[in-house]
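In: no sequence for this one, just the structure:
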């Protein structure tokens, strides 16, 4: 019983959809969500989303912050930070205020990174057109 209580304490406030969950339809949440299963449909939130290593998402995602470890096939719009981890695959366009791409991440699509300032300014647009080029050359990763 003690182990169960410790697990719940560590994950309090974060909802989890485990790897054996499959959903067809839209998902809305408020705070934090970890998806490690399959989702076919739109995900919409002002919260923090984590796409787990086993996840396979097919649909558009709009959220405040996202970290991707698994597979996403769809466009992502993020109000704040987007982090693409080394083992992830993103096939779709991406709009974010801040973008972090680890070496080894697979990203097929266009990205638009803009400063989230309210003053009208020209957004910084980043496009990586050469799929054969190593990620570390474009994003300053470690050797």
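Out: Cool, got the structure. The structure presented is a predicted model; accordingly, all values stated were derived computationally and were not measured.
In: rest of the way, CA atoms for contacts and neighbours
Out: Fine.
In: okay, and the helix or strand of the chain with the least pLDDT?
Out: Least confident helix or strand, the chain: helix 2-10 with a mean of 41, by mean pLDDT, DSSP states H and E.
In: Could you identify the helix or strand that succeeds that one?
Out: strand 14-17 (DSSP states H and E).
In: Give the next helix or strand downstream of that next one.
Out: Downstream of strand 14-17, the next assigned helix or strand under DSSP H and E is strand 22-24.
In: ok, and what's touching that next one?
Out: Contacting residues not belonging to strand 22-24 are listed as 37, 38, 39, 40, 41 [Cα atoms under 8 Å, 6 or more residues apart in numbering].
In: Buried subset of these as a PyMOL selection?
Out: The PyMOL command for the buried members of those (criterion: 16 or more other Cα atoms under 10 Å) is given here:
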select buried, resi 37+38+39+40+41
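In: Restricted to strands, list the contacts of strand 22-24.
Out: Mapping the contacts of strand 22-24 onto strands (DSSP state E) picks out 38, 39, 40.
In: Let me know whether residue 93 touches residue 74 as I believe.
Out: Yes. The pair residue 93 / residue 74 is scored as a contact, 7.2 Å apart, by Cα atoms under 8 Å.
In: can you give me the helices for the protein?
Out: Remark: helices assigned in the chain by DSSP state H are 2-10, 135-139.
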